[in-house]
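# Curious how this folds, go ahead:
(chains A and B)
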Amino acid sequence: MSGRAGRARGPASDRGHSCGQLVLAAAASIAIGLACTETPLSIPGDSAPGASVETVEFTLLSSDLPLWRDTTLSGFAIPFSASFSLVSNRPELLARTFAKLNVPDTITTFADTLPVDVFSDVRVRIQVDTIRSVFSTFPVTLRLIELTTPFDVFEVAWQQAEDGVPWTPGGDLGVELAAGELEASTDTASLSLSVEADSLLKAWQQSDGENGFALVVEGPETELHVAQILWRYDALLQGRTEPAVQSQVAGFRTFASEPAVPAHGSDLRVGGLPASRFYIEFSIPASISGIPLEGSTINHAEVVFTPLPPPAGPFALRNALVGRQVNLLADPFVFGAKTPIGADPLNTTLLDPDSLAVSSPLRLDVSLLLQRASADPGRRIRIGLRADPDAQVLQFWEFGSTESPPALQPRLRIIMTPRLDVEVPE
Amino acid sequence: MSRIIHHPAVVSSRIGLLTIAVALIASGPARAQTPITAAGLGYRIAPLDGRSAALGGTGLGLLGGTFSLVNPADLRAHLEPGFGLAFSGESVSLKGGPGPLDSGRERFTVIRAVVPFDAWAVGLAFGGEFDQDWAVRFQDTLVLSDGKVPFEEARERDGGISSIDVSVARQLGPISLGVSAQRLNGSVRQTFSRDFELSPDGAPQLSPTGDAERLSYRAWRFKAGGAVTLGDRLMLSAVASFDGTLTSEPEDSTSATTTVDLPKSIQVGGSARLAQGLIVAASGGWAEWSVAGTVEDAIGHDITWMGAGLEYQRLRLLGGDLPVRVGVRRGELPFSLTADAIEETALSFGFGWRFRNGLAVLSTAFEIGSRGDLAVDGLEESFTRATISFELRDR
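Here you go, the predicted structure:
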């Protein structure tokens, strides 16, 4: 470059002025000027120019939607299939657990299978879910009492052993089989047998556990969620000199309460035992206030349920319950409780009794479903809410349905941004 | 309870069937800055070459000819067939608001071919008209029935309007007359996007949103002009542009087509050789942009402009002439967001390099100027612009 600039000075001396440095400076200026012209303007402020469209919020009552149906379905779990049983002597809720121990005719050891010659050293351990139980003071006395009337695990209730067979409220109780106390420092009660072990277990062995037994609680007001009734006994097999130690969980376990869980009406129920879920089905309008949903961005959509006052008696939720939103894969009004569901592992909601008691609404996110439906007019949205897992507690909560007064009806809330060319009406 | 707060500029208020309202509230300053390119049809691009830009924007009546796309009658100033193009880059500083903000834009201002024959000359050209490249970004808050949701929004336009020009000129003694037909064409893609943040008070998380729309522009415009050349000492030129209608049509949407009236305009200018190697040039003009009315909240104004410059032609470099130029210009912009037109002023300078008596010509121009007044117009931009043009002649 310097060589060229030097040569340029020769002819300039007789015909004009030398301007090599000026040219270089100008060229550099052009390069700099062109290089700094890429960044777009970035301007904060409230009066920004340009095309935009408002994000708007609508709330539609279920009765205002073109199609809305809702229902509660029960029976997904019953006391027999629940993971717990209930024992209570609280005045507002009396409950007893009924179970049978079907002692096996033979016992298989490492070497062979033999009949039992003598049963001995029987102990009964009651494991309690102390988180869900209600205590007033300790110790709590637990008793196993023989039933004098057999019961049907599917039909037993506080007033009946089975359909058409009434019994003494709370069961026809016979002799006491075992008793023990639950202390505050443990969640397991060990009950000592008060009858002759060999004759009891052999009687149950021969009758397949009939008539069964009842677990009752006595003493201070207590409501126990029993997780397990475990029998441990020594079985001396025929021809052997050393007993085999056996552990056996009481089968055919169920419970009955007074009062029983009330049947649901037209309101939407979650929880309880029999376990209840509610299912809804709805479709969306083609436009809302003149704004077509097709082409709009659904920023958020949710179905809002208004909780009703706490259920009467002992059935209001005491602890928070995890609810899981499920997508219904078929028409629930055709298939009922057998409607296949697709679970969304991320869509869970906490049913907090403290919030529900002050009418904090329950919200189920349907943004994705609404986005699909807005592109496919006529598509029906079907979702449900169940406790996860079902049958955790006896308690439940209810929400207003489309048959409720407007203030309690489910609502569809949509926050959306229309297309750029849509004029949002004032 | 939802709180309804109306935003002065970007109000979003809706009443649903349950009387739940939405609004946007401002978190920024009460009056923010707007790029000038966002007003009306955008920023007016002068279809000038480097020589004209350096001479205070004097694009007509220049001794020696110009490839600027102003007066078709000036075609007769070209003695040989030629081709020229000019490219311009601009750096902009926007004043006000939270602090200075820098931006820029670049464009081809004119590309033109000229063919003189006998007493005639024809020209085919591409010229800039309006530039609409800009983007803004701001933060605001969406107020829902159960809480507030902060968001950041970006709005952007990309495109502009240009013209394709066919001109014919006829020499009648010292007078040349010319007419041109111009097809204005262009498109602008406007987009917006809104990213919502987590609500601090429990409102639901909203998914982002955005959309785009493309507008196309088209119009016809006609010009007629005349020029008088007295030897190589004086040239005077005048041109008038007739009114027309610019049609704006959205693509891929159901929005209606809109129209903007284009103005009548008059421009006069000329140049004179004051001494051997020293030329003075000046021009001025008027355009009735008020006929455009209001275009997207921007008001059209009748505008005037004028400019002048000096060219010294006695310098030499590498066997070629090295003319140096200086100029000044002042004018108004056709659109503003207030009742008054925005004024633009600039100082210009530049130089050229004419190789082999004009076979090839490289011209540069540098402009330093400003437009708008923060106190009066609510906006102010300072800018530096560099224009480089290149010409070839069949000489």
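# Need the pLDDT of residue 145.
Let's take chain A. We have a pLDDT of 97 for A:I145.
# could you do chain B instead?
You'll see B:S145 listed with a pLDDT of 89.
# and it, how many neighbours?
19 (other Cβ atoms under 10 Å in any protein chain shown). Just so you know, the C-beta spots here come from the backbone N, C-alpha and C atoms, and that holds for glycine as well.
# now B:S187
B:S187, neighbours per other Cβ under 10 Å, totals 17.
# Excluding sequence neighbours, find me the nearest residue to it.
Leaving aside its sequence neighbours, B:S187 sits nearest to B:S216 (Cβ to Cβ, 6 or more residues apart in numbering or on different chains; 4.7 Å).
# Assess the claim that that neighbour and B:E251 are in contact.
Yes - assessed by Cβ atoms under 8 Å, B:S216 is found in contact with B:E251 at 5.9 Å.
# Residues in contact with both of the two, list them for me.
B:S187 (Cβ atoms under 8 Å, 6 or more residues apart in numbering or on different chains).
# Would you mind telling me which of the two has more residues around it?
Remark: of B:S216 and B:E251, B:S216 carries more neighbours, 16 against 11, as counted by other Cβ under 10 Å.
# which element follows the helix or strand encompassing that one toward the C-terminus?
Secondary structure assigned from DSSP states H and E places B:S216 in strand B:209-230. Using DSSP H and E, the next helix or strand after strand B:209-230 towards the C-terminus is strand B:234-241.
# So which elements touch that next one?
Other elements packing on strand B:234-241 under the criterion 3 or more Cβ pairs under 8 Å, 6 or more residues apart in numbering or on different chains; DSSP states H and E are strand B:209-230, strand B:265-275.
# quick one, that strand and strand B:265-275 angle?
170 degrees (axes from the mean of the first three to the mean of the last three Cα atoms, to 10 degrees).
# can you give me the mean pLDDT across strand B:234-241?
pLDDT averaged over strand B:234-241 gives 96.
# what's the angle from the helix or strand that it is followed by to strand B:209-230?
Downstream of strand B:234-241, the first helix or strand assigned by DSSP H and E is strand B:244-251. Between strand B:244-251 and strand B:209-230, the angle formed by their directions is 160 degrees, by the same axes, to 10 degrees.
# Buried residues, strand B:244-251. List them.
B:244, B:246, B:248-250 (16 or more other Cβ atoms under 10 Å in any protein chain shown).
# From those, pick out the ones that also neighbour chain A.
Among the buried residues of strand B:244-251, the ones lying near chain A by Cβ under 8 Å from any Cβ of the partner chain are B:P250.
# Point out where the stretch 201-350 of chain A drops to low pLDDT.
A:343-346 (pLDDT under 70).
# Show me what from it comes close to chain B.
A:288-289, A:297-300, A:302.
# same thing but at 6 Å, please
A:297, A:299-300 (Cβ under 6 Å from any Cβ of the partner chain).
# how many neighbours does the nearest residue to B:E343 once chain neighbours are set aside have?
With sequence-adjacent residues excluded and distances taken as Cβ to Cβ, 6+ apart, B:E343 is closest to B:E332, at 5.5 Å. Per other Cβ under 10 Å, the neighbour tally for B:E332 reads 20.
# does B:E332 really touch B:A341, like I thought?
Yes - contact criterion Cβ atoms under 6 Å: B:E332 and B:A341 qualify, at 4.1 Å.
# Overlap of the contact sets of these two?
Taking Cβ atoms under 6 Å, 6 or more residues apart in numbering or on different chains as the contact rule, B:E332 and B:A341 both touch B:I303.
# Next, count neighbours for B:E344.
22.
# now for the helix or strand harbouring it, which elements pack on it?
Per DSSP H and E: B:E344 is located in strand B:343-355. In terms of contacts (3 or more Cβ pairs under 6 Å, 6 or more residues apart in numbering or on different chains; DSSP states H and E), strand B:343-355 is packed against strand B:320-321, strand B:324-332, strand B:360-371.
# Can you lay out these as a markdown table showing mean pLDDT?
A markdown table is the format used below for the helices and strands packed on strand B:343-355 (pLDDT from 0 to 100):
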| stretch | mean pLDDT |
| --- | --- |
| strand B:320-321 | 90 |
| strand B:324-332 | 97 |
| strand B:360-371 | 95 |
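# Determine which of the ones you listed approaches B:L262 most closely.
strand B:324-332 (16.8 Å; Cβ to Cβ).
# Output the contacting helices and strands for that closest one.
By 3+ Cβ pairs under 6 Å, 6+ apart, strand B:324-332 packs against strand B:302-312, strand B:343-355.
# And the helices in the stretch 251-400 of chain A, which stretches?
A:332-335, A:353-357, A:367-375 (DSSP state H, counting those that start in this stretch).
# As TSV, those with mean neighbour count would be great.
Shown next, in TSV, are those (neighbours: other Cβ atoms under 10 Å in any protein chain shown):
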stretch	mean neighbour count
helix A:332-335	15
helix A:353-357	15
helix A:367-375	18
